[in-house]
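Undergrad: Just a sequence and a predicted model for now, questions to come.
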Amino acid sequence: MGQQTESKQLKDQLTGDAKGQASANPQCRLFTPAEIATFVGVQVGPGENAAGGAGCSWFDKDDEASAMVTVVPPSYFPQPTLVKGFRRLPDVGSKGWVAPDQGWSAGALVQDVAVVVVISGKAATEASAVRLLQEVIKRRKK
C-alpha cells in the first residue's frame with residue numbers, strides 16, 4: 001500500500017496535480033529566506049512550490065539569484081556526468097556530485113531519496129552548492 005501511495009504522490013508531483021501551500025511543503029520548511037540568503041549572497045523571498053511539489057525555490061526580487069531544493073525517489077536521481085566540471089563528492093551521501101549549471105547544482109542519494117539542490121546568482125559557488133546540499137541532508141535527518 002505504501003508503494004501505491006508513493007507512486008500516486010510522485011505522479012501528482014510530476015503532472016503538477018500536487019496541491020498545497022508552500023508552507024506545507026517539507027522542502028520549503030527546511031530553510032528561512034534569511035538562511036537561503038547565506039547560500040546565494042542576496043536577500044530572497046519566501047519559498048515557493050517547485051518541481052510539482054517535490055521541491056521548493058527561493059528567488060531574489062530581480063530573479064537574478066535563486067536556490068532550489070528537490071527531494072525525489074532515487075529512480076529520478078540525475079547525475080550530469082557529461083557536464084564539464086562535474087565532480088564526485090565521496091563524503092556526501094551515496095553517489096554525491098556537484099556540477100556547474102546556470103549556477104551550481106549538487107545531489108546525492110540519502111537513505112531512500114535523491115536530494116538535489118541548485119543555486120544561481122553572482123554569489124553562487126561550487127562550495128555554497130555543496131554546503132547547501134550537506135545542510136539539507138542534515139536537516140532532513142531531524
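TA: Sure, I can see it. Values in this document were obtained by computation on a predicted structure and should not be read as measured data.
Undergrad: Please point out which parts of stretch 121-137 sit buried.
TA: Within stretch 121-137, the residues that count as buried by 16 or more other Cβ atoms under 10 Å are 121, 124-126, 128-137. Where C-beta positions appear, they are placed from N, C-alpha and C, glycine not excepted.
Undergrad: so which of those residues would you say is closest to residue 70?
TA: For these, the residue nearest residue 70 by Cβ to Cβ is residue 136; the value is 9.5 Å.
Undergrad: Ramachandran angles for the closest one?
TA: Main-chain dihedrals, residue 136, degrees, to the nearest 10: phi -60, psi -50.
Undergrad: Next, format the buried residues of stretch 121-137 as CSV and append secondary structure and distance to residue 115.
TA: Below are the buried residues of stretch 121-137 laid out as CSV (DSSP: H, G, I helix; E, B strand; the rest coil; distance: Cβ to Cβ, whole Å):
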residue, secondary structure, distance to residue 115
121, coil, 21
124, coil, 18
125, coil, 19
126, helix, 17
128, helix, 16
129, helix, 12
130, helix, 12
131, helix, 13
132, helix, 10
133, helix, 7
134, helix, 10
135, helix, 10
136, helix, 5
137, helix, 6
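Undergrad: and of the residues you listed, the nearest to residue 22?
TA: Nearest to residue 22, judged by Cβ to Cβ, of the buried residues of stretch 121-137 is residue 136 at 16.2 Å.
Undergrad: got a list of what the closest one touches?
TA: 27, 30, 69, 115, 117 (Cβ atoms under 8 Å, 6 or more residues apart in numbering).
Undergrad: What distance do you get for it to residue 124?
TA: Per Cβ to Cβ, to the nearest Å, residue 136 is found 16 Å from residue 124.
Undergrad: Could you do residue 142 as well?
TA: Note on residue 142: its distance to residue 124, by Cβ to Cβ, is 26 Å.
Undergrad: Thank you kindly, that will do.
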